[in-house]
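>>> build the 3D model from these lines:
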Amino acid sequence: MMLVALTPGLTADPELVRQIAEAEFRRLGVEGRVVTGLGETGDAVVALGRPVPHPAPVVWYDPADTGPVEVSPGSVYLYGRGLWGLAWAIRHAVHRLRHPAERIAYGPGDEQWGELRLPPHHDGGRLPVAVLIHGGYWRSIWAADLMDALAIDLAARGYAAWNLEYRRPDRHGWPATVADVAAGLDHLTGIDFLDLGRVVVFGHSAGGQLALRAAADDGRIAPAVSLAVSLAGVLDLHEGERRRVGTGAVAHALGGPSTEIPEVYAAADPMRRLPLGVRQLVVIGRDDDLDLIDFNRRYAAEATAAGDDVSYVERPGDHFAVIDPAAEIWASTMAEVAERLR
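Residues are numbered from 1 along each chain as shown. This is a model prediction of the structure:
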């Protein structure tokens, strides 16, 4: 039984919460109820509101942008995504119940970890690696739970799925973000059953930029990237700054406008790093933001013209269809990945 618990002090219409929760229960195929307070227990519990001490594992979700809050061991705290974020909290609770992951730290910080999922019945043989880098316009309200479903799908397809969390620049600065992605990749070299000759890096949205940045830095990080996959990536940072995509997310993440820190933009912008010298797959939904479609089409064309080995997939779907294992565009993406790795 899945429970969504309304906690004291929550400012939200209970009927609207119920509608969101019940829609997500149906989508995930779980039995669930919305209750008041944390007096009842279930197989998975999402508590809506500010965390309080609680003995059982809980996925806490606060619609307000509170910043990180410490919770009891085994629990998780997500925040700041508005009421729509309740759907993501329910998904995370169900995913971690059905398909538990091993969380491995690659640094001392609270956000320096990855979650490793292996194929069912893994016999100890060497596995290709799928690294997942989440997006969210480089803002801390969005976290690695966005990529849970893809990690589970990729593990079922025979990959070791490494879902990477990292320090976001809104709280830690841009250099910390860049360093964490490199450190998270480098940490894979210490896991002996991974086939580091077959490493695919998947990045969604802002994570698409980080994935291609990691590919561009190939040779300075280990292991080498065999294929970089951008899923609705922000692939033209200079133009993204000019158009103020994500309400000014580019300048906020990188630490200022390109006129003041041109060297930071030059290193970070996939469009300015061409050719990357790494095989790439660029994926975008036809129903995504028009600026992102523009960035992706132009990037694929310019990367090809620069001599890079690039495939381009544009199919029906919105910004989140590209990270939905049930979507046709994801099936098309994985068909291309299989072909590129053959």
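
>>> next up, the contacts around the residue minimising distance to the centre of the chain.
Nearest residue to the geometric centre of the chain (C-alpha atoms, centre = their mean): residue 134, 1.8 Å. By C-beta atoms under 8 Å, 6 or more residues apart in numbering, the contact set of residue 134 is 142-147, 163-165, 204-205, 207. All C-beta atoms are positioned from the backbone trio N, CA, C, and that covers glycine.

>>> quick check: closest non-adjacent residue to it.
In this structure, residue 134 finds its nearest non-sequential neighbour in residue 146, 4.4 Å apart by C-beta to C-beta, 6 or more residues apart in numbering.

>>> make sure the one you found is indeed in a helix.
Yes. Assigned with DSSP: H, G, I helix; E, B strand; the rest coil, residue 146 falls within a helix.

>>> number of nearby residues for it?
Neighbour count for residue 146, taken as other C-beta atoms under 10 Å: 21.

>>> isn't it right up against residue 139?
No. Counting by C-beta atoms under 8 Å, residue 146 does not reach residue 139; the two are 11.8 Å apart.

>>> help me confirm that residue 53 comes into contact with residue 75.
No. In this structure, residue 53 is not within contact of residue 75 by C-beta under 8 Å, at 9.9 Å.

>>> which of those two has more residues huddled nearby?
Taking other C-beta under 10 Å, residue 53 and residue 75 do not tie; residue 75 has more neighbours (18 against 7).

>>> what about the strands in the protein?
All strands of the chain, identified by DSSP state E, fall at 2-6, 32-36, 44-48, 59-62, 76-79, 102-105, 113-117, 127-133, 160-164, 194-204, 227-231, 279-285, 310-315.

>>> now the angle between strand 279-285 and the last one, please.
Strand 310-315 and strand 279-285 meet at an angle of 20 degrees, taking axes from the mean of the first three to the mean of the last three C-alpha atoms, to 10 degrees as the criterion.

>>> give me the residues contacting strand 310-315.
With C-beta under 8 Å, 6+ apart as the test, strand 310-315 has contacts from 279-286, 293, 296-297, 300, 303-304, 328-329, 332-333, 336, 340.

>>> can you give the domain ranges for the chain?
2-93, 100-341 (automatic domain parsing).

>>> Serialize those to JSON lines and add fields for mean pLDDT.
Formatted as JSON lines, the domains of the chain follow (pLDDT from 0 to 100):
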{"stretch": "domain 2-93", "mean pLDDT": "93"}
{"stretch": "domain 100-341", "mean pLDDT": "96"}
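
>>> pick the most deeply packed of those.
Comparing the domains of the chain by mean neighbour count (mean count of other C-beta atoms under 10 Å), domain 100-341 ranks first with a mean of 19.

>>> can you give me the end-to-end distance of that domain?
End-to-end distance for domain 100-341: 27 Å, by C-alpha to C-alpha, to the nearest Å.

>>> same thing with stretch 68-79?
For stretch 68-79, the end-to-end distance is 8 Å (C-alpha to C-alpha).

>>> and that stretch, how far out from the chain's middle?
Relative to its chain's centre, stretch 68-79 lies at 18 Å (C-alpha atoms, centre = their mean, to the nearest Å).
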